[in-house]
Each structure stands twice: as structure tokens, then as C-alpha cells.
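>>> here are the coordinates; sequence isn't available:
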């Protein structure tokens, strides 16, 4: 009767079975920190565990938020990570120019696999559920503790089942599906729970689209967002995964705290209006002028997302009143974009193409907004002041919508583009 | 805690970008972070907050990022505890792990009211009434009693 989450947590805690609500101490397969969340973790480690040999093969250090460094303080932060890696001989360190956004690197570099328990000091660590892992965001102090002991406490979550069936409409991606669901259940709809995803629509999605869905589980308050692994996951991992893995599936009569069903035909290209990811509307019903179009992030910075946007931008130009910023999520994606001619399509259209970084997603740099400016973005949050001045506004959308909007100068459903 | 402390009232979905904007995530120092707490949404907070003050909020307090800088900023500001109808989970974990007391309860108070939170008896006393709140699970109480996750981990590693 157990769910995927219950099985993985039981296994890693060395228990026969666990129940939702129970608190367990489990062994984690990997602990990841980025440049922003790493600094507090390293300071805690130095102060309290300096003589303890950390679990070096499990630790993954990925600078992404403020790299290449945007100012002196971020340079000091990144330096702290580099020094920690050197001091404790941590091989899994991804330097600027050979890395990217932390969640993309974790997945691309084969740390993620079905059945693993992975924690990361970043809220979008839930992304790895797209490959059947139980992965969740944690804080810096506990990341340091987990680096020292290899274990962490978890409250076993209840699980909700989400079923989406039918063929996705044109220009609809994983992003629209998760936005649609969050619009339905709210930003607290899955608070503390695991979202498990099923249905013919989910089966039909690429790994990239599945990652978008798992990535935004946290925006519904979820602890984890898991898609049972299938052949596509197996294929993806074949030449990539580090080590062995064993997929975990929910029992057929697993107990769910709620079951939600959706029909893909009801899901159009969707945007989330300021200032919450749950304020969703069909893109066709939003007519708002934009100043900036942003394509990138752990949510939608993959090659499939770039291809989608390039499909719209090919032969078109970015609107004179708009700046478009394209930010691949990793060095590997940056190269693919070049090989496939996508980089040139973007530049020819009048967009700015950057190297991999978290950039403006959290108002870091690479496209911060001024007062009263409006951005349509493939990122995952649109809280007040998220991408810049508190008087700025961010609309969340999929890559097709962002590209179409960049062309027209206002939020546009790509179906309506001439 | 037997003193009546001042309330800072917030609504629902107070997210971590409100608590501490991303631009300040270049230090881990509590006092430094406290200087920018709620800067964009409640600019007077950083200047006027006094040690002992209590935050009372609605649902989903601390939603958004995993940044531990959020509870650290509140601790640095001297906030003695946060009372909310519900907490976002990473904020909850971070607070427990670093020793910022949290209480899950729905209380009817206004900004500026003075209330008393008694952790031993599990009661919140406002001007109008007394609210009870549920104790944390035993393991989490043990963590807090140990002085936080770091102390707990150190003991286990010995």
C-alpha cells in the first residue's frame, strides 16, 4: 500500500515501512548547494564540523545564482565554495564555463536517478522527481549537517495523485500543465505533500517537460513532485547516470490523500499573472504590454525550450519596445543551441543570448527590472519584487508564449501569431 | 516567555522574497540581513522592530525560496517567535534547525497589539482571548532542546 515517497524514505531510513506523518532519519544519496546557499553552509561546517571528513562523493557544489560574479560580494561567496571544494577534496564542483544552473547540472551530470533520495539547498530541488527520485529543498545549516553525517530528518509526506489525460493542445508544454494545476489547487494546494503524476498526457511528455512540472511542485507548496520513471527516463540516463539505480513505484492500491483529474484539451497556453503562480489565465485572455521577455531558468532553460522559442522567432523580429534575454541552463545546452543554429536565430531576431546562469529569475542580474516594467518569463515565481523593483511585474509562461510576446510587444498566445 | 510583546501583523503567502530580497543574499550574517528584512513591503520594519517582537501571519508564511537567510534575518531583527496559520515547509525546517520558535495557530490580533506566548503551557494570550496551540512532534522538540540541528548532529557524530 505504500507510495513512492513512503518506499524511498523507508528504504533510506533502513525501515520496513513508514507512514505519512512519521519523522524518520534517512541516509541521503546527494546533498547539493549553490553559491548563495553554500556560504552559510560552509560557515556552519567550518565552525562546527571542521575536523569531520564530509561525505565527499555525495556532495555536489554548483555555483549558479550570481556567476559569473556580478559584484565583489558574490565573488567572495563563490570563492568560499571553491575553497571548500579544495579543502575537503570535493570532486563534484562545477566551475563557471563548465556548469550551469544547479538543477540542470544535477540532472545532466547523472547524479539524479530513480529511487534516490536527494536534498539540495534550493527550493527547486523537487525538479529531480521528474526522473523518479525523491528530492526536496532544504536549508543551509541542515545541508552542512547532512554533509557531515550523510543523514537528515524528514517528515514522511502524504501523497496526492494528479492524472492528466489526452493529447496536449498546440503550443502547450509541461509548463502550462503545472501552471493550470497550480491555478486550480492554489499555492498551498499541495502543502507538505508529494504530487505524483500519471496519465496519457504525462506519458507523452519529454523529460524536459516533465522537469518543468516537477520543478514547480514547490509553487503549490509541495515537498516533492514525482513522475514514475519509464522508458524515456531509462533512455535519458543510459549514458549519463553515475552508479546503479533501482526504480521505485507506488503500489497499485497505494493510499492518496487526494486525486485530481484533468483533461489536456482544457489546458491552453497559460500565463500566471502577478503576484502569485496560482493567478493563472489563458494567454489569449491577457493583453498586457511587455518591456522584457526572458527565456531560461531551471524551469524552462533546456534545449527543447530553446527549440520551441526559436520555432516562433525564426524569420521574425523582437518588437522595438522589447528586449528579449535568452539564458540556457547549462554549458551543454549553450553548445547545442549553437550547433542547431538556434543562437543565430535568436540574435538575428534581436534577442540577447547569454551563457548559463540563474540570472534574472530571482532578480540577480542579466535582466533585472526597473519600476513599472513588465516581463513575461519562463521562470517559476512572480512574487512582488521577484525580478527587480517592487513596482515591476512578472508574468510566467512557456517558451512559445514568451517568444510570441517578444514579437508582438504584448502577452500573446502563439496560436494568434500571424 | 512571560512578557507581552508587540505584534507585527502580516497576511497570507508572505514569501521569502518579501522577507529578504535576493539582492542581499551575499552574506550569512543575521544582523546584516536584519537591516533589509521586509524592505520592499514594510520599509519601516527594519528600523522600528525591537527584540522580543512577534510576527503574526496568515497562511503559507515563508513560501518560496529555501533561503535560510529568511529566518536568519528575522532572528537578527530580534523576533522572538512567528505565529502563522500555516508555514511553508522549507521555512519551517530552517527555523527549527536554527532555533527560531514557530507556532502554528490562527489568532485574531492587529498590528501593534501586545500578546504573550507561553511555550510551556502552549497558550497565546491576547487582549481578547486565550488560544491554545499544538506542541511540535517529539523529534522536533528534541532538536530544539538540543539547541538545534547542529548540536544534535555533533552529539550523534561523537
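Sure thing, it's come through. For clarity, every value in this text was computed on a predicted model and none was experimentally measured. Residues are numbered from 1 along each chain as shown, chains lettered A, B, ... in the order given.
>>> so how far is the lengthiest helix in chain A from its chain's centroid?
As assigned by DSSP state H, the longest helix anywhere in chain A is helix A:72-87. Remark: helix A:72-87 is offset 24 Å from the chain centroid, using CA atoms, centre = their mean, to the nearest Å.
>>> What residues sit buried inside it?
Residues of helix A:72-87 classed as buried: A:73-75, A:77-78, A:80-81, A:84-85 (neighbour count, 16 or more other CB atoms under 10 Å in any protein chain shown). Bear in mind the C-beta positions are built from the backbone N, C-alpha and C, glycine included.
>>> so where does residue A:180 fall, helix or strand?
helix A:174-185 (DSSP states H and E).
>>> and the helix or strand residue A:142 falls within with chain B, contact?
Here residue A:142, judged by DSSP H and E, is contained in helix A:140-149. Yes: using CB under 8 Å from any CB of the partner chain, helix A:140-149 reaches chain B at A:140-142, A:144-145, A:148-149.
>>> ok, and which of the buried residues of helix A:72-87 reach chain B?
Okay, of these touching chain B (CB under 8 Å from any CB), that's A:73-74, A:77.
>>> Could you export those residues as CSV, including pLDDT?
Shown next, in CSV, are these (pLDDT from 0 to 100):
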residue, pLDDT
A:73, 93
A:74, 94
A:77, 94
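>>> Would you enumerate the residues in contact with residue 114?
Let's take chain A. Applying CB atoms under 8 Å, 6 or more residues apart in numbering or on different chains to residue A:114 gives the contacts A:131-133, A:229, A:233, A:245-248.
>>> sorry, should have said chain B
Applying CB under 8 Å, 6+ apart, the residues contacting residue B:114 are B:4-7, B:127.
>>> show me where chain B has helices.
Under DSSP H, chain B gives helices at B:16-19, B:30-34, B:45-48, B:69-76, B:89-98, B:138-146, B:149-157.
>>> What is the least confident helix or strand in chain B?
Ranked by mean pLDDT, DSSP states H and E, the helix or strand of chain B with the weakest confidence is helix B:138-146, at a mean of 83.
>>> in that helix, what's buried?
Buried, per 16+ other CB under 10 Å, within helix B:138-146: B:140, B:143-144, B:146.
>>> Identify the farthest-apart pair in these.
Spanning the widest gap among the buried residues of helix B:138-146 are B:140 and B:146, at 10.6 Å by CB to CB.
>>> Counting neighbours, what do you get for the residue of the stretch 201-350 of chain A found nearest chain B?
Relative to chain B, the nearest point of the stretch 201-350 of chain A is residue A:223 (5.8 Å; CB to the nearest CB). Residue A:223 has 27 neighbours, counted by other CB atoms under 10 Å in any protein chain shown.
>>> Report pLDDT for it.
Looking at residue A:223, its pLDDT is 97.
>>> Need the nearest residue in space to residue A:29, chain neighbours excluded.
residue A:116 (4.2 Å; CB to CB, 6 or more residues apart in numbering or on different chains).
>>> I'd assumed residue A:134 was in contact with that neighbour.
Yes: applying CB atoms under 8 Å as the test, residue A:116 and residue A:134 come out as touching, 7.4 Å apart.
>>> returning to that earlier point: contacting residues around the helix holding residue A:180?
Contacts for helix A:174-185 (CB under 8 Å, 6+ apart): A:162, A:164, A:168, A:189, A:201, A:205-206, A:208-213, A:215-217, A:219-220, A:260, A:262, A:264, A:266-272, A:277-281, A:299-300, A:378, A:396-399.
>>> Drop anything exposed from those.
Buried among those by 16+ other CB under 10 Å: A:162, A:164, A:168, A:189, A:201, A:205, A:208-213, A:215-217, A:219-220, A:260, A:262, A:264, A:267-272, A:277-281, A:299-300, A:378, A:396-399.
>>> Could you tell me which of these belong to strands?
A:162, A:164, A:260, A:262, A:270-272, A:280-281, A:396 (DSSP state E).
>>> Which residues does the helix holding residue A:142 contact?
Residues contacting helix A:140-149 (CB under 8 Å, 6+ apart): A:28, A:31, A:33, A:37-42, A:44-45, A:48-49, A:52, A:54-55, A:58-59, A:119-121, A:138, A:152, B:28, B:68, B:93-94, B:97-98, B:148-150, B:152-153, B:156-157.
>>> Go again with 6 Å.
In this structure, residues lying in contact with helix A:140-149 by CB atoms under 6 Å, 6 or more residues apart in numbering or on different chains are A:28, A:31, A:33, A:37, A:40-41, A:44-45, A:49, A:52, A:54, A:59, A:121, A:152, B:68, B:97-98, B:149, B:153.
>>> Can you tell me how far the residue positioned nearest the centre of chain B is from residue B:17?
Centroid-nearest residue in chain B: residue B:82, 3.4 Å away (criterion: CA atoms, centre = their mean). Distance check for residue B:82 against residue B:17: by CB to CB, to the nearest Å, it reads 17 Å.
>>> Give me the spatial nearest neighbour of residue B:141, chain neighbours excluded.
Computed as CB to CB, 6+ apart, the closest residue to residue B:141 that is not its neighbour in sequence is residue B:135, at 6.9 Å.
>>> Run through the residues that contact residue A:187.
A:276, A:278.
>>> and with 8 Å instead?
So residue A:187 contacts A:219-221, A:276-278, B:13, B:60, B:63 (CB under 8 Å, 6+ apart).
>>> Could you do residue A:241 as well?
So residue A:241 contacts A:110, A:112-113 (CB under 8 Å, 6+ apart).
>>> Quick one, which of these are buried?
A:112-113.
>>> got a markdown table for the contacts of residue A:241, with pLDDT, distance to chain B and secondary structure too?
Output for those, formatted as a markdown table (pLDDT from 0 to 100; distance: CB to the nearest CB, whole Å; DSSP: H, G, I helix; E, B strand; the rest coil):
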| residue | pLDDT | distance to chain B | secondary structure |
| --- | --- | --- | --- |
| A:110 | 98 | 23 | coil |
| A:112 | 98 | 18 | coil |
| A:113 | 98 | 22 | coil |
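>>> is it true that residue A:92 touches residue A:55?
No: using CB under 8 Å, residue A:92 makes no contact with residue A:55, being 11.0 Å away.
>>> in the stretch 301-418 of chain A, which spans are strands?
Taking DSSP state E, counting those that start in this stretch as the criterion, the stretch 301-418 of chain A contains strands spanning A:323-327, A:352-353, A:374-377, A:393-396.
>>> distance between the shortest one and the chain's centre?
Centre-to-centre, strand A:352-353 and its host chain are 21 Å apart (CA atoms, centre = their mean).
>>> before we move on, what about the first one?
Here strand A:323-327 is found 18 Å from its chain centre; the criterion is CA atoms, centre = their mean.
>>> touching chain B at all, that strand?
No: Strand A:323-327 does not reach chain B (CB under 8 Å from any CB); its nearest approach is 15.8 Å.
>>> immediately after the helix holding residue A:180, which helix or strand?
Using DSSP H and E, the first helix or strand after helix A:174-185 is strand A:194-198.
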